[in-house]
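Chemist: From the sequence below, what's the structure:
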Amino acid sequence: MVNRILVGAHYGLKDWIIQRATAIIMAVYTVIFLVVIGSVAPDSLESWRGVFAGGFMRFATFLFFISLFYHAWIGIRDIWMDYIKPDGIRLLLMIATATVLVGYAGWAIRILWRT
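Modeler: Model (predicted):
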């Protein structure tokens with residue numbers, strides 16, 4: 001009988017699918033954003049505010065940022081799990097990464113829904 005030694009993240013198919021889905025969301029948003037910017041051609045602060053005044057662009061932008069942060073979390077988490085062997089350092093790096101990404105998400109909310 002052969003005993004396999006598993007190392008690394010090994011989250012498998014679920015995380016692979018999530019990474020691809022978040023990449024698709026970000027790609028679709030990029031196309032939408034370029035079309036909107038191409039058609040509106042904002043040249044002042046007020047015209048940029050006008051682009052994001054509607055609920056659709058705010059929601060789409062927020063969805064983009066959440067997808068970006070989740071995509072980054074999966075990638076960075078896997079890097080920490082694959083290359084940082086001491087458990088304490090790996091845990092500290094993962095907590096720091098999660099804290100920064102959650103902070104960025106809060107910052108995105110604040111910017112998008114600022115009155």
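
Chemist: Show me what counts as buried in stretch 69-76.
Modeler: 69-71, 73-74, 76 (16 or more other CB atoms under 10 Å). Placement of C-beta: from N, CA and C, glycine included.

Chemist: got CSV for these, with distance to residue 84 too?
Modeler: Below are the buried residues of stretch 69-76 laid out as CSV (distance: CB to CB, whole Å):
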residue, distance to residue 84
69, 21
70, 21
71, 20
73, 15
74, 16
76, 11
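
Chemist: Among those residues, name the ones in helices.
Modeler: Among the buried residues of stretch 69-76, the members found in helices (DSSP state H) are 69-71, 73-74, 76.

Chemist: Report how many residues lie close to residue 22.
Modeler: Counted by other CB atoms under 10 Å, the residues lying close to residue 22 total 22.

Chemist: pLDDT wise, what is it at?
Modeler: At residue 22, the pLDDT value in this model is 97.

Chemist: Tell me where the model's unsure across this structure.
Modeler: Flagging of the chain using pLDDT under 70 yields the residue ranges 1-11, 115.

Chemist: quick one: the helices in it?
Modeler: In the chain, the helices defined using DSSP H lie at 13-40, 45-51, 55-83, 87-112.

Chemist: for the shortest one, packing partners?
Modeler: This points to helix 45-51. Contacts defined by 3 or more CB pairs under 8 Å, 6 or more residues apart in numbering; DSSP states H and E place helix 45-51 against helix 13-40.
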